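Novice: following is a predicted model, sequence given first.
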Amino acid sequence: MLDIKLIREDPERVRSNLARRDDPEILRMFDELIEYDKSWRKYFAETNELRSQRNRITEEIAKLKKQGLDVSEKLKEAANIPARIKEIESKMQEYREKMDFILMRLPNLMDDSVPFGKDENDNVVIRTWGEIRTFDFKVKDHIDLALDLDLVDIERAAKVSGARFYYLKGDLVKLNFALIKYGLDFMTERGFTPFLPPYMMKRKILEGAVSLADFQDTIYKVEGEDLFLIATSEHALLGLHSDEILDGNRLPLRYCGVSPCFRKEAGAHGRDTKGIFRVHQFEKVEQFVFCKPEESPREHELLIKNAEEFFQSLKLPYRVVNVCSGDLGTVAAKKYDLEVWLPGQGKYREMVSCSNCTSYQAVRSNIRFRDKPNEPTKYVHTLNSTLVATERAMVAILENYQQEDGSIIVPNVLIPYMNGQDSIRSVSK
RNA sequence: GCCGGGAUACCCUAGCCUGGUAGGGGGCUGGCUUGCUAAGCCCGUGUCCAGCAAUGGACUCGGGGGUUCAAAUCCCCCUCCCGGCGCCA
């Protein structure tokens, strides 16, 4: 959510930034917001004046009563003030609701470095790493590899839970836990505090983290409760400090969340329908930072660097793209995606999404900081990035580490986490 | 799920029965004074609106509604925390 104070101070700057979204509806809402705010402030001033009158009379009544004097004159004077306040208040409420409606729907201001573009095809590649392996045999995709090695059961998952679910089996379960534990160690070595968050959260807290459209398209609701399943630990880590004033001297706070992620994938019909690449449930180790505004560009680079070093350590070839305006979404001011080469698809595919959300989530979640107790508060900046979404990372490992005999080499850094196991091969039955 | 006790500013706490300026302590901040491991005193401490500013006004006692000229205080609903009982991996 944009800070209404910033909009009041410099509406032109906000407007011209929103204009880069190339969406006339956004500008229309913005202009409406300005008008509503004017009305709201007018009514606010009126009630303020009425309350002031009422408080004065009330005080006089108290004084007269103490002296045992007659107050009926004063009571008459005060009689119709409450009704007038109520009347104007209800108008204020009306404008406040209209403003909130728009504020909840306006996107974040974009960083100047965000490239203009329509969709993901316009994202700009900023670097590539690693060599794409050449195969002298016919490569399989992760589905064939996993089925041939009996590492997944997707048909029975469909019977039990429906499409986009899976059972992991055997060594793939071990590999999953190895990736999680390796990811956790990787982050704690870099000073990130690990968290295992609640997997469900209240609507109010979740609204602080995601756009309203996400409730429709990605978030699962628990029936009969004010609870939603987290789509990433990012949501829960942000909520951790909602309505708090943080000590500026302790920023940045660098956190790392590990949790399952639940997603409806409602807008993805027909895309990646096979295997475990795009699924309703997966595990993820997530990076999350609360920092001062001036620190967020630096922290953003740190997060993508961590993710890159993680995938470098797995020796998986990747590229980093600067996500364009049309693909950026509502919340982020700037976003990098890290895409790993998948031999089975012959494409780079998204493994990591690394966002600087500036103050957008902090305003919604009311998370501020100050260096000294008497200073005015400011909103923090928040950033989040995947370190590793393990099911997707396993797709990359299966396809990149496949051998001619159908077995899979375990990446070196994971072997200790697999109790010394260095390959995954079919068990003779 | 049931019974009881709670939630007051950055922290602790009084006030609630009996409605009438939210009081005290700690912390922090700025200022002043006195000067031996420092002490004392004073202003300030959250949010919003108007104003260039000084400042003025309003709001704020877990949240929402109600009664009243006036609500931390009375009434109704809800949330969370603590204790006990019940259930339980």
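Specialist: Received the coordinates, thanks.

Novice: secondary structure class for residue A:132?
Specialist: At residue A:132 the chain is in coil, as set by DSSP: H, G, I helix; E, B strand; the rest coil.

Novice: quick check, pLDDT for it.
Specialist: As predicted, residue A:132 sits at a pLDDT of 93.

Novice: which residues touch it?
Specialist: Going by Cβ atoms under 8 Å, 6 or more residues apart in numbering, residue A:132 touches A:317, A:341, A:343. The way it works is simple: take the backbone N, C-alpha and C, and place the C-beta from them, glycine included.

Novice: let's see it at 6 Å
Specialist: A:317, A:341 (Cβ atoms under 6 Å, 6 or more residues apart in numbering).

Novice: give me the phi and psi for it.
Specialist: Note on residue A:132: backbone dihedrals following degrees, to the nearest 10 are phi -70, psi 130.

Novice: quick one: name the residues of chain A near RNA strand B.
Specialist: Neighbours of RNA strand B within chain A, by Cβ under 7 Å from any atom of the strand: A:4-5, A:8, A:41, A:44-45, A:47-49, A:51-52, A:54-59, A:61-62, A:65-66, A:75, A:78-79, A:81-82, A:245, A:372-377.

Novice: buried ones in stretch A:223-235, by neighbour count?
Specialist: The neighbour-count check on stretch A:223-235 (16 or more other Cβ atoms under 10 Å) flags A:227, A:228, A:229, A:230, A:231, A:232, A:233, A:234, A:235 as buried.

Novice: picking up where we left off before, buried ones only from the residues of chain A next to RNA strand B, please, as a PyMOL command.
Specialist: Burial among the residues of chain A next to RNA strand B is assessed by 16+ other Cβ under 10 Å; the matching PyMOL selection reads:
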select buried, chain A and resi 47+54+57+61+78+81
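
Novice: give me the subset of the residues of chain A next to RNA strand B lying in strands.
Specialist: Judged by DSSP state E, the subset of those located in strands is residue A:245.

Novice: go through the helix or strand bottoming out on mean pLDDT in chain A and flag the buried ones.
Specialist: Counting by mean pLDDT, DSSP states H and E, the weakest-scoring helix or strand in chain A turns out to be helix A:72-78, with a mean of 77. Within helix A:72-78, the residues that count as buried by 16+ other Cβ under 10 Å are A:74, A:77, A:78.

Novice: so what secondary structure elements neighbour it?
Specialist: With contacts defined as 3 or more Cβ pairs under 6 Å, 6 or more residues apart in numbering; DSSP states H and E, helix A:72-78 has these neighbours: helix A:24-66.

Novice: what's the model's confidence in the helix it packs on, averaged?
Specialist: For helix A:24-66, the mean pLDDT works out to 89.

Novice: swap in stretch A:211-224?
Specialist: Taken as a whole, stretch A:211-224 carries a mean pLDDT of 84.

Novice: what about it, distance to the chain center?
Specialist: Centroid separation between stretch A:211-224 and its chain, computed with Cα atoms, centre = their mean, to the nearest Å, is 14 Å.

Novice: got the contact list for it?
Specialist: Contacts to stretch A:211-224, defined as Cβ under 6 Å, 6+ apart, come from residues A:104, A:228, A:229, A:231, A:262, A:263, A:264, A:266, A:267, A:330.

Novice: which one of the residues you listed is nearest to RNA strand B?
Specialist: Nearest to RNA strand B among those: residue A:228, at 14.1 Å, using Cβ to the nearest atom of the strand.

Novice: am I right that that closest one sits in a strand?
Specialist: Yes. Using three-state DSSP, the assignment for residue A:228 is a strand.

Novice: residues contacting whichever residue of the stretch 151-300 of chain A sits closest to RNA strand B?
Specialist: Closest residue of the stretch 151-300 of chain A to RNA strand B, Cβ to the nearest atom of the strand: residue A:245 (5.9 Å). Residues near residue A:245 by Cβ under 6 Å, 6+ apart: A:368, A:377.

Novice: what strand or helix carries residue A:95?
Specialist: Residue A:95 is part of helix A:81-103, with elements assigned from DSSP states H and E.

Novice: and the angle for that helix with helix A:24-66?
Specialist: 160 degrees (axes from the mean of the first three to the mean of the last three Cα atoms, to 10 degrees).

Novice: follow-up on the earlier one: which residues are contacting the least confident helix or strand of chain A?
Specialist: A:57, A:60, A:61.

Novice: and if you look at stretch A:91-101?
Specialist: Residues outside stretch A:91-101 that contact it (Cβ under 6 Å, 6+ apart): A:33, A:36, A:39, A:40, A:43.

Novice: for residue A:167, state which of the contacts of stretch A:211-224 is nearest.
Specialist: Of all those, residue A:262 has the smallest distance to residue A:167: 16.5 Å, by Cβ to Cβ.

Novice: give me every residue that touches the residue nearest to the closest one when sequence neighbours are not counted.
Specialist: Nearest residue to residue A:262, sequence neighbours excluded (Cβ to Cβ, 6 or more residues apart in numbering): residue A:229, at 4.0 Å. For residue A:229, the contact set (Cβ under 6 Å, 6+ apart) comprises A:200, A:220, A:262.

Novice: what about the last one, how many residues nearby?
Specialist: Residues within reach of residue A:262, counting by other Cβ atoms under 10 Å, total 19.

Novice: show the model's pLDDT score for it.
Specialist: On pLDDT, residue A:262 comes in at 94.

Novice: now swap in residue A:160 and tell me
Specialist: Residue A:160 is assigned 91 on the pLDDT scale.

Novice: and it, how many neighbours?
Specialist: With other Cβ under 10 Å as criterion, residue A:160 counts 10.

Novice: which pLDDT value does the model give residue A:407?
Specialist: For residue A:407, the model assigns a pLDDT of 94.

Novice: quick check: chain neighbours aside, which residue is closest to it?
Specialist: The shortest distance from residue A:407 to any non-neighbouring residue, by Cβ to Cβ, 6+ apart, is to residue A:425 (3.9 Å).

Novice: check which residues of stretch A:267-285 are buried.
Specialist: Neighbour counts over stretch A:267-285 (16+ other Cβ under 10 Å) mark A:275, A:276, A:277, A:278, A:279, A:280, A:281, A:282, A:283, A:284, A:285 as buried.

Novice: try stretch A:356-375
Specialist: Neighbour-count burial for stretch A:356-375 flags A:356-365, A:367-369 (criterion: 16+ other Cβ under 10 Å).
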